[in-house]
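*Asks:* sharing a sequence plus its predicted fold:
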Amino acid sequence: MKLVNAVELKTVTGEVIKLEDEGLSLWTNPENGDMTYFTYRDGRISVKSPSDGKLQYQVLRKMKQLAEELEANVQGDDGEFY
């Protein structure tokens, strides 16, 4: 995981969107190179869960690893714990 603090992404129409956030980190899955952004704010780490099932599992696994290191929990949008 690498602290990046900003990201620029290009939309399908070619428009460039820039997001700046002091807590923005990029995780690259060492198994396949898939990348996911994590954000730290107000004592919470947030991540947009991917729709792809295999990638979703890999991100959840990383979230659980972080939670264990921080003695925290992984909790979904609807309050469910993983």
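*Replies:* Looks like it arrived, so ask away.
*Asks:* pull the CA atoms of the longest strand belonging to the chain into PDB?
*Replies:* Ranked by number of residues, the top strand in the chain under DSSP state E is strand 35-41. What follows is strand 35-41, C-alpha atoms only, in PDB (Å, rounded to 0.1, in the frame of the first residue of the first chain):
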ATOM      1  CA  MET A  35      -5.400  -1.600  -8.000                       C
ATOM      2  CA  THR A  36      -7.800  -0.200  -5.400                       C
ATOM      3  CA  TYR A  37      -7.900   3.100  -3.600                       C
ATOM      4  CA  PHE A  38      -8.400   3.300   0.100                       C
ATOM      5  CA  THR A  39      -9.200   6.600   2.000                       C
ATOM      6  CA  TYR A  40      -8.400   7.400   5.600                       C
ATOM      7  CA  ARG A  41     -10.600  10.100   7.200                       C
END
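*Asks:* what mean pLDDT would you report for that strand?
*Replies:* Averaged across strand 35-41, pLDDT comes to 91.
*Asks:* list the buried residues of that strand.
*Replies:* 36-38 (16 or more other C-beta atoms under 10 Å). No exception for glycine: its C-beta is placed from N, CA and C like everyone else's.
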